[in-house]
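Trainee: Mind folding the following:
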Amino acid sequence: MLTAHDITVEPAESGRRLDRVVLGRCASSSRALVLDAIGRWQVLLNGRPAGKGAKTKVGDVIRVVELAEAADVCVRPQPELPLTVIHEDADVLALDKPAGQPVQPLDFRETGTLLNAAIGRYPELQRLGDDPLLPAVIHRIDADTSGLVLAAKNEKAYANLREQFQAQTARKIYLAIVRGEARQAGRIESMLVHQSPTKGHRMIVLGDRPAPRGQKPMRAVTEYEPLECRGGRTLLRATIFTGVTHQIRCQLAHAGFPILGDRIYGADGDQSARLYLHAAQIAVAHPANGRELTVRCEPAVGQESLTSFFCCVRGEAGYL
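Mentor: All right, here's what the predicted structure looks like:
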C-alpha cells in the first residue's frame, strides 16, 4: 500500500492524463486501482481532487494519499469467523455457507465473507486460481442462498473441478420453498439474459423476444419436483444442469412459483426473513480417482431454519 507519496510532474509527463502519470510512477499498482483511488479522492492534484482525465503540466505536485498495490488485492484472512466444513480430503473442501453471507469479497477491503473465513483457516487456498478475490472456489451461490460451496485444495483438483463445472457434468440439487402449490414435477429450459446493465444481476426469461443489444442469451435448465405442499406453499427439490446467474430464482418465478423471500423475483410486499433457497447436494467425479463424490448439506434448524418445511425433511430418505 502506497501512502503519502508525492510525485512532481516532469517535462516528459506534461500534458498527460493524471491516471497515466500516477500509474507510470507507481508500477506496483494497476490501472483499476489507480482509477479507484482517484474516484475516492485519494489522489490529489496540487492539493485538490481531480478527475482521472485531468491534464498535468510540468511542476504539478500529485499527492498519492493512499493507493493499493497489486499485491494488496487478496482475500483478507479472518480466522475468527465461524466456518462449517461438510467434507474435507486432500483435494476437495465442501463448506456450508449461511444465508446472508457473500461467498467472496468484491473489494479487497471487504471482510466477513465465506472466503475470508476459509482463507483464515486454510491460507494455502489463496494461491489457487487466477482471481485473487475468488481463490480455490469452484462455483458461487447467491449471498441470500444458504448451503454448499465447493472448493479445491490444490491446483490439480482446482483445474479438474472447474472443467467439470464448465462441462456441466456436476449435478447440483437445491431445496426451495415457493409460493403456490406445485403438484407436478417439471422441467424448465429457457434462455436467460440480464434485464439491463444498470439493474445488477437481475435476469429475465427471453422467450420469443430478441435479446437486448449487447446481451448474450444463456441456456438454463432446471428440473423440479414437489416434496410437500402446505398452506399455499410448496417445498421443491430443484436440480440444475447449468450455472446461469439466478437461474432457479428467475425460472421458477417465471413459471408462477416465486421462491419465498425473494425480493428480486418474488411478490411485492414479501416480508420473509430470508430467501428460502438452500444448496443441498453436489455430485462430482473426485479429481483424484474419478469416482463419484456426493456431498450433502442439511438445512440448518434453529433461528435461521428454513421453517418447518425443511425441518420435516431432515433424515427423510429419498429427498436428496
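
Trainee: Now for this protein: which helix has the highest residue count?
Mentor: helix 155-166 (DSSP state H).

Trainee: Tell me the buried residues in that one?
Mentor: 157-158, 160-162, 165 (16 or more other C-beta atoms under 10 Å). In short, each C-beta sits where N, CA and C put it, glycine included.

Trainee: right, and out of those, which lies closest to A288?
Mentor: For the buried residues of helix 155-166, the closest approach to A288 (C-beta to C-beta) belongs to A157, at 7.3 Å.

Trainee: show me where pLDDT drops low in the stretch 1-150 of the chain?
Mentor: Along the stretch 1-150 of the chain, no part satisfies pLDDT under 70.

Trainee: What ranges does it have for its helices?
Mentor: Ranges of helices within the stretch 1-150 of the chain are 18-25, 31-39, 114-121, based on DSSP state H, counting those that start in this stretch.

Trainee: Need those helices in CSV (columns: mean neighbour count and distance to E225).
Mentor: Written out in CSV, the entries for those read as follows (neighbours: other C-beta atoms under 10 Å; distance: least, C-beta to C-beta, whole Å):
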stretch, mean neighbour count, distance to E225
helix 18-25, 19, 54
helix 31-39, 17, 44
helix 114-121, 23, 28
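
Trainee: Present the ones you listed as CSV; the columns should include distance to A288.
Mentor: Putting the helices of the stretch 1-150 of the chain into CSV (distance: least, C-beta to C-beta, whole Å) gives the following:
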stretch, distance to A288
helix 18-25, 43
helix 31-39, 37
helix 114-121, 20
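
Trainee: what about those helices, which gets the closest to T56?
Mentor: Between the helices of the stretch 1-150 of the chain, helix 18-25 lies closest to T56; by C-beta to C-beta that is 5.4 Å.

Trainee: just the angle between the closest one and helix 31-39, please?
Mentor: Going by axes from the mean of the first three to the mean of the last three C-alpha atoms, to 10 degrees, helix 18-25 is angled at 130 degrees with respect to helix 31-39.

Trainee: CSV please, covering the buried residues of helix 155-166 and showing pLDDT and distance to C297.
Mentor: Below are those laid out as CSV (pLDDT from 0 to 100; distance: C-beta to C-beta, whole Å):
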residue, pLDDT, distance to C297
A157, 97, 19
Y158, 97, 21
N160, 97, 21
L161, 96, 17
R162, 95, 21
F165, 93, 17
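
Trainee: Just the closest of these to P210, please.
Mentor: Out of the buried residues of helix 155-166, the one with the shortest distance to P210 is F165. That distance is 29.3 Å, counting by C-beta to C-beta.

Trainee: That closest one touches I138, doesn't it?
Mentor: Yes. Applying C-beta atoms under 8 Å as the test, F165 and I138 come out as touching, 5.8 Å apart.

Trainee: shared neighbours of those two, which are they?
Mentor: When contacts are counted by C-beta atoms under 8 Å, 6 or more residues apart in numbering, F165 and I138 have no shared neighbour.

Trainee: circling back: any idea which of the helices of the stretch 1-150 of the chain gets closest to P258?
Mentor: Distances from P258 to each of the helices of the stretch 1-150 of the chain were compared using C-beta to C-beta; the shortest belongs to helix 114-121, at 25.7 Å.

Trainee: Tell me the helices and strands packed up against that closest one.
Mentor: Here helix 114-121 is seen to pack against strand 92-97 when contacts are counted using 3 or more C-beta pairs under 8 Å, 6 or more residues apart in numbering; DSSP states H and E.

Trainee: So in that sheet, which strands flank the strand it packs on, and in what orientation?
Mentor: For strand 92-97, the paired strands and their directions (DSSP bridges) are strand 84-88 (antiparallel), strand 146-152 (antiparallel).

Trainee: how about V295, secondary structure?
Mentor: Classification of V295 using DSSP: H, G, I helix; E, B strand; the rest coil returns strand.

Trainee: My read is that it contacts L148, right?
Mentor: Yes. Taking contacts as C-beta under 8 Å, V295 lies within contact range of L148: 6.3 Å.

Trainee: quick one, what contacts the residue nearest to the spatial centre of the chain?
Mentor: Centre of the chain computed as the mean C-alpha position; nearest residue by C-alpha atoms, centre = their mean is R140, 4.7 Å away. Residues counted as contacts of R140 (C-beta under 8 Å, 6+ apart) are 103-104, 134, 149.

Trainee: If we use 7 Å, what do you get?
Mentor: Going by C-beta atoms under 7 Å, 6 or more residues apart in numbering, R140 touches V103.

Trainee: likewise T222?
Mentor: Taking C-beta under 7 Å, 6+ apart, we find T222 in contact with 188, 238, 240, 247-248, 251.

Trainee: follow-up on the earlier one: ok, so of the buried residues of helix 155-166, who is nearest L125?
Mentor: Among these, and counting by C-beta to C-beta, the member closest to L125 is Y158, at 9.4 Å.
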